[in-house]
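# Fold the following.
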Amino acid sequence: RYRRANGDLLWADLVVRAQLGPDGRPVKLISAVTDIAERKQFEDRRKFLLGELSHRTNNLVGVINTIARQTAKSAESVEAMVSKLSSRLTSMAASQAALAHTDSLDTSDVAELCQLQLATFLPADDPRITMSGPSFRISAAPSRAIGMALHELITNAIKYGALSVPDGAVDIAWRLVGGTMFEISWRESGGPTVHKPTRTGFGRRVIEHMVAASTSGAVSIDYLPEGLRWSLAAPMVAIEAPSNLSQP
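Coordinates of the predicted model:
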């Protein structure tokens, strides 16, 4: 890594070779400096994606364990449990495949983004989920960041929060404030008593720091005993998709 005269950082591949004279002694050195900034960015992105894949896989295993336990508690027999569990896992697999092949997470409507993330683990008509907000499309990087935050919130709710019990509920709402700010909130109720986590894992960094950095926004999170409260406020100029600008 080098620093240019103007202060900018440069990642480069440096090769130095000696040019030899007739007597075999070095006459001068020849240096070749190749800008590898794009390659470094690709490598960093690949490492992040591999880490995210591993993290999501662990989350998915945890959710499967929870679904299996809940299915076992309500099943009348082993055969009934196998049938219900197989159906639920098949539904999850189909949702995962749809998410993996869709382009809508690159530039998506907020409602579509929420629905796709929820569909990974829950049926579309789950009465415990309510959503409200205007049609609004967000651009690629903010869409991915908010989608990852929603994934973490859904996973935690299923494993420990309001969606881990039949009577729990989650309300997702978003709004545009003053034509300049976008706000989205996640509110849980009716679940087990909430306790603030004692450590900061990857998932918590995603819902607090990464989504804020990716949207130039601010995150608020409250671990209230009656239910988790999470919200993001971001300037529209930082997340708005170009397609919104052509809408009347």
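# what bits of this protein have low per-residue confidence?
87-88, 90-107, 202, 242-248 (pLDDT under 70).
# could you pull out the strands for it?
Remark: strands assigned in the chain by DSSP state E are 2-3, 9-10, 12-20, 26-35, 108-109, 129-132, 137-138, 169-177, 181-189, 218-224, 227-235.
# which residues in the protein form helices?
Taking DSSP state H as the criterion, the chain contains helices spanning 37-74, 78-101, 110-119, 140-159, 202-205, 211-215, 236-239, 242-245.
# Buried deepest among these, which one?
Ranked by mean neighbour count, those are led by helix 140-159 with a mean of 22 (mean count of other CB atoms under 10 Å). Every C-beta, even on glycine, is put in place using the N, C-alpha and C of the backbone.
# Dump that one to CSV, keeping only the CA atoms.
Provided in CSV are the C-alpha atoms of helix 140-159 (Å, rounded to 0.1, in the frame of the first residue of the first chain):
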residue,chain,number,x,y,z
ALA,A,140,-28.3,-1.4,-4.6
ALA,A,141,-26.0,-1.0,-1.6
PRO,A,142,-28.6,0.4,0.8
SER,A,143,-31.0,-2.4,-0.4
ARG,A,144,-28.6,-5.1,0.5
ALA,A,145,-27.7,-3.5,3.8
ILE,A,146,-31.3,-3.1,4.9
GLY,A,147,-32.1,-6.6,3.7
MET,A,148,-29.2,-8.0,5.8
ALA,A,149,-30.5,-6.1,8.8
LEU,A,150,-34.0,-7.4,8.3
HIS,A,151,-32.6,-10.9,8.0
GLU,A,152,-30.9,-10.6,11.3
LEU,A,153,-33.9,-9.1,13.0
ILE,A,154,-36.2,-11.9,11.6
THR,A,155,-33.7,-14.6,12.6
ASN,A,156,-33.4,-13.3,16.2
ALA,A,157,-37.1,-12.9,16.5
ILE,A,158,-37.7,-16.5,15.4
LYS,A,159,-35.0,-17.9,17.7
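# Report all helices and strands that that helix contacts.
Packing partners of helix 140-159 (3 or more CB pairs under 8 Å, 6 or more residues apart in numbering; DSSP states H and E): helix 37-74, helix 110-119, strand 181-189, helix 202-205, helix 211-215, strand 227-235.
# Let's see that with 6 Å instead.
Here helix 140-159 touches helix 37-74, helix 110-119, helix 211-215, going by 3 or more CB pairs under 6 Å, 6 or more residues apart in numbering; DSSP states H and E.
# Could you dump these into TSV with distance to M131 added?
What follows is those, written out as TSV (distance: least, CB to CB, whole Å):
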stretch	distance to M131
helix 37-74	20
helix 110-119	6
helix 211-215	18
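# Throw the strands of the chain into CSV and include distance to A212, thanks.
Formatted as CSV, the strands of the chain follow (distance: least, CB to CB, whole Å):
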stretch, distance to A212
strand 2-3, 28
strand 9-10, 24
strand 12-20, 32
strand 26-35, 31
strand 108-109, 19
strand 129-132, 22
strand 137-138, 15
strand 169-177, 16
strand 181-189, 12
strand 218-224, 5
strand 227-235, 7
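# Kindly provide the distance from the spatially most central residue of the chain to V206.
Geometric centre of the chain, nearest residue: M148, 1.1 Å, by CA atoms, centre = their mean. Plainly put, M148 is 5 Å away from V206 if you go by CB to CB, to the nearest Å.
# what touches both of those two?
When contacts are counted by CB atoms under 6 Å, 6 or more residues apart in numbering, the set common to M148 and V206 is empty.
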